[in-house]
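[1] What would the 3D arrangement of this be:
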Amino acid sequence: MDKIIYWDTHETVLFAVEELERLMKGAGTESSISDRTLFTILNEKKVSRIILIGTEEYNSFTEKNITIQNDGFALVHYEKDTWIIGNEPRSILYGVYSYCRERFGYRWIELEEETIQPI
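    You can find the predicted model right below:
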């Protein structure tokens with residue numbers, strides 16, 4: 001089971017969390033959700049974690065600062081953690097869709113249709 005951890009309670013970030021959970025479930029992957037209060041830097045339980053976070057907050061955890069332009073986002077994979085980092089709440093949502101495309105093979109061909117294609 002993957003653990004989704006989110007930092008910000010902005011409505012767009014909360015929507016990104018809901019979308020990630022929904023798309024993961026559609027791909028057959030179970031997940032649980034928690035806010036940052038349960039986050040520890042060390043992944044002691046060695047579970048797969050997907051962390052939705054803003055650029056400034058991410059940079060406070062690492063010695064290597066990441067720079068993202070405008071509405072950009074970054075996906076950073078480290079051990080069992082995947083960080084979806086965005087400059088803005090909207091950027092985090094874009095990152096969620098990119099992550100789902102990368103990990104599960106989602107494709108959005110039409111507005112009303114989601115397709116999972118083998119990776």
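
[2] What pairs with the helix or strand bottoming out on mean pLDDT in the chain, parallel or antiparallel?
    Taking mean pLDDT, DSSP states H and E as the measure, strand 113-116 is the helix or strand of the chain with the lowest mean score, a mean of 74. Sheet pairing of strand 113-116 (DSSP bridges) gives strand 106-110 (antiparallel).

[3] pull the CA atoms of the partner strand into CSV?
    The C-alpha trace of strand 106-110 is given here as CSV (Å, rounded to 0.1, in the frame of the first residue of the first chain):
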residue,chain,number,x,y,z
TYR,A,106,-2.6,6.7,-17.9
ARG,A,107,-3.4,8.5,-21.1
TRP,A,108,-6.0,11.2,-21.5
ILE,A,109,-7.1,10.9,-25.1
GLU,A,110,-10.4,12.7,-24.8
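
[4] And it, what's buried?
    For strand 106-110, a neighbour-count test (16 or more other Cβ atoms under 10 Å) marks residue 106 as buried. In short, each C-beta sits where N, CA and C put it, glycine included.
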